[in-house]
Every structure is written in C-alpha cells, then in structure tokens.
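Undergrad: Need a 3D model of the following:
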Amino acid sequence: MSPPNEDVNDENAWHEACRDRVAQYLKDQGVVHGRIGEGPAWSVPGVMSVWAVESGRAPGRVGWWVLCGDGPTDYVSSKDIRSPREAVRAIAQRWQVACGYLARGEAPPDFELGSPDSRRQLAPLLESRAELLLQWVAEDAIWSEG
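TA: Numbers count the residues shown, from 1 in each chain. Sure, this is the predicted structure:
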C-alpha cells in the first residue's frame, strides 16, 4: 500500500494534467475565457473531472464547464447550467444524441469526434461513457452540492 502522500501527489498530478488538457482544448476550440479553476469543481480522480472556467466577458463568473478525463474533452456554456452535476448531465445527453449519428457513420451537427472512418467504431465507446456519466449524475452520494 502506498503512503497517503503518494496518493495525494498522484491525484494532484492527474488534476494538473487535466487542467493543462482543458486549457489546450479551449484554445483549440477558440473559446474566449478567463481563468480556469485551480482544481476541478468535481472529479472522480483518475477517471473524470469537471472544471469551472471563468467567462471571458464577465470576469468573476463561471462562463463554461469543461469535462475532462477518460473520454472526450467537452464543454458547455454555464448560461443555463449552474453546477458541475448539471454540466455532466448536459454533456452526457449531447453524447447520447451524437452516438446515433456516429453509429450511422455520420457527423453529428454539433459535435466533432474522430475521423469519418472511425465514427462507427467510436459510437459504442461514446455511448458507454455517456451511460456512465448519467449513472453518476443519478447518484446523490457522489455530489456535494449546496
């Protein structure tokens, strides 16, 4: 068994890596934003994390929620989404819709993932991630909201 400090260091390193991925993803997507949270707003360490990202137009306010971890990195506006849990739900639901398109070899209208040749193979993987996320959303015990 590892000493507790090693576990914390591993978790911190994983969070730092996710934060770096979030920053690069937002840059690649051309998202105008402010600061990215120093740590995730919610996470299952080593698996998935949700990051609050400051609005580029309203400093001090969350403008975006970004999901990062074992699956595609994705984001949603905070306009109608007030918590990490709501963000996870919205992203998972979007992924479920995208899976129908991917399974037919089509590009979803608002989602980019993989190449045209890989769409059919990616559909079941994305569907499994979406299902897992929705199971987590339904589990009150893993959310500390309020």
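
Undergrad: Now do the contacts for Glu131.
TA: Ala92 (C-beta atoms under 8 Å, 6 or more residues apart in numbering). C-beta: built from backbone N, CA, C; applies to glycine.

Undergrad: tell me which residues form a beta bridge with the residue nearest the centre of the chain?
TA: Centrality entry for the chain: nearest residue to the mean C-alpha point is Leu67, 1.1 Å, by C-alpha atoms, centre = their mean. Leu67 has these beta-bridge partners by DSSP bridges: Val50, Asp74.

Undergrad: Do I have it right that it meets Ala90?
TA: No. Contact criterion C-beta atoms under 8 Å: Leu67 and Ala90 do not qualify, at 9.5 Å.

Undergrad: Find the residue ranges of the chain scoring beneath the pLDDT cut-off.
TA: For the chain, applying pLDDT under 70 flags the ranges 1-9, 145-146.

Undergrad: Mind naming the longest helix for it?
TA: Longest helix in the chain, counting residues (DSSP state H): helix 4-29.

Undergrad: Return the set of buried residues in the helix or strand hosting Tyr101.
TA: According to DSSP states H and E, Tyr101 maps onto helix 84-103. Within helix 84-103, the residues that count as buried by 16 or more other C-beta atoms under 10 Å are 84-92, 94-96, 98-99, 101-103.

Undergrad: relative orientation of the helix or strand that that helix is followed by and helix 84-103 in degrees?
TA: Using DSSP H and E, the helix or strand that follows helix 84-103 in sequence is helix 119-138. Per axes from the mean of the first three to the mean of the last three C-alpha atoms, to 10 degrees, the angle that helix 119-138 makes with helix 84-103 is 160 degrees.
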